[in-house]
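Enquirer: Coordinates only, no sequence provided:
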């Protein structure tokens with residue numbers, strides 16, 4: 001996944017625009033003009049309820065877009081608050097005309113909650129390794145080094161980590177000390193294995209560096225050299241296939257893209 005999933009971007013945008021949709025629907029339902037409905041909200045509706053109508057959906061959209069563990073729970077809290085406010089609003093003016101609208105709100109809320117408990121969606125918020133779009137650029141290195149004293153082949157390198165395709169047998173969570181020499185400079189940096197390739201025919205380990213100030217500068221020097229040579233790994237950058245138009249086409253024709261899909 002080279003960019004933030006379009007499904008989450010779209011849902012976040014819909015939440016941000018929700019207050020405007022609510023304004024239009026409430027105006028149509030009450031027979032008021034948009035200006036009249038806006039005036040009614042600000043002059044008649046209690047301020048706490050107005051805050052929930054206008055600000056909370058926008059905050060919910062922001063929390064979706066941030067993609068962090070804390071924002072996941074903050075979003076669900078916003079959704080719960082919106083649901084309870086709708087329940088209160090319709091309960092205080094309950095009649096058979098508003099009951100179908102209440103049921104529609106309940107169904108939509110349940111669908112949204114169900115979406116965010118899908119494991120592939122939760123991973124975006126709970127596992128930083130799944131947020132590939134946040135990773136610093138990687139550069140083709142194709143250089144020999146050592147991992148815990150054992151010869152290893154470093155395929156690509158970035159400021160925050162590397163990927164090696166040979167070396168000692170490691171598991172996710174293992175600590176590893178990486179050393180190599182490049183352009184006359186010796187680099188020694190420790191890290192942790194955050195990814196182990198599941199493919200037997202293509203073994204490899206993703207290592208995240210635990211930088212000190214010294215190692216930060218050492219790796220930066222190497223990365224700067226690689227950048228000047230134009231060795232960036234273009235496969236990790238968003239391309240035409242990651243555009244919104246392609247996502248919509250896949251969603252409409254093949255039903256793909258509704259849930260984030262991760263590739264190693």
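Expert: All right, it came through fine. Here the structure is a predicted model, which means the values were calculated and not measured.
Enquirer: need the contact list for the closest residue to residue 16 other than its chain neighbours.
Expert: Closest residue to residue 16 apart from its sequence neighbours, by CB to CB, 6 or more residues apart in numbering: residue 61 at 3.9 Å. C-betas here are computed from N, CA, C, even on glycine. Counting by CB atoms under 8 Å, 6 or more residues apart in numbering, residue 61 touches 11-16, 18.
Enquirer: Could you turn the buried ones of those into a PyMOL selection?
Expert: Only the buried members of those enter the following PyMOL selection, criterion being 16 or more other CB atoms under 10 Å:
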select buried, resi 11+12+15+16+18
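Enquirer: all strands for the stretch 151-264 of the chain, in order.
Expert: 161-166, 175-182, 185-196, 205-209 (DSSP state E, counting those that start in this stretch).
Enquirer: Run the angle between the third one and strand 205-209 for me.
Expert: Read that as strand 185-196. Using axes from the mean of the first three to the mean of the last three CA atoms, to 10 degrees, the direction of strand 185-196 lies 120 degrees away from that of strand 205-209.
Enquirer: What strands flank strand 185-196, and is each parallel or antiparallel?
Expert: Next to strand 185-196 in the sheet, as set by DSSP bridges, lie strand 175-182 (antiparallel), strand 205-209 (antiparallel).
Enquirer: So which bits of the last one are buried?
Expert: Neighbour-count burial for strand 205-209, with 16+ other CB under 10 Å as criterion, is recorded at 205-209.
Enquirer: Which two of these have the greatest separation?
Expert: In the buried residues of strand 205-209, two members sit farther apart than any others by CB to CB. They are 205 and 209, at 13.0 Å.
Enquirer: if you average pLDDT over the helix or strand residue 38 falls within, what comes out?
Expert: Using DSSP states H and E, residue 38 maps to helix 34-43. Per-region confidence: helix 34-43 scores 85 on mean pLDDT.
Enquirer: can you pull the pLDDT of residue 181?
Expert: In this prediction residue 181 is given a pLDDT of 94.
Enquirer: Would you format the strands paired with strand 185-196 as a markdown table with distance to residue 74 included?
Expert: Putting those into a markdown table (distance: least, CB to CB, whole Å) gives the following:
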| stretch | distance to residue 74 |
| --- | --- |
| strand 175-182 | 33 |
| strand 205-209 | 26 |
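Enquirer: Good, wrapping up.
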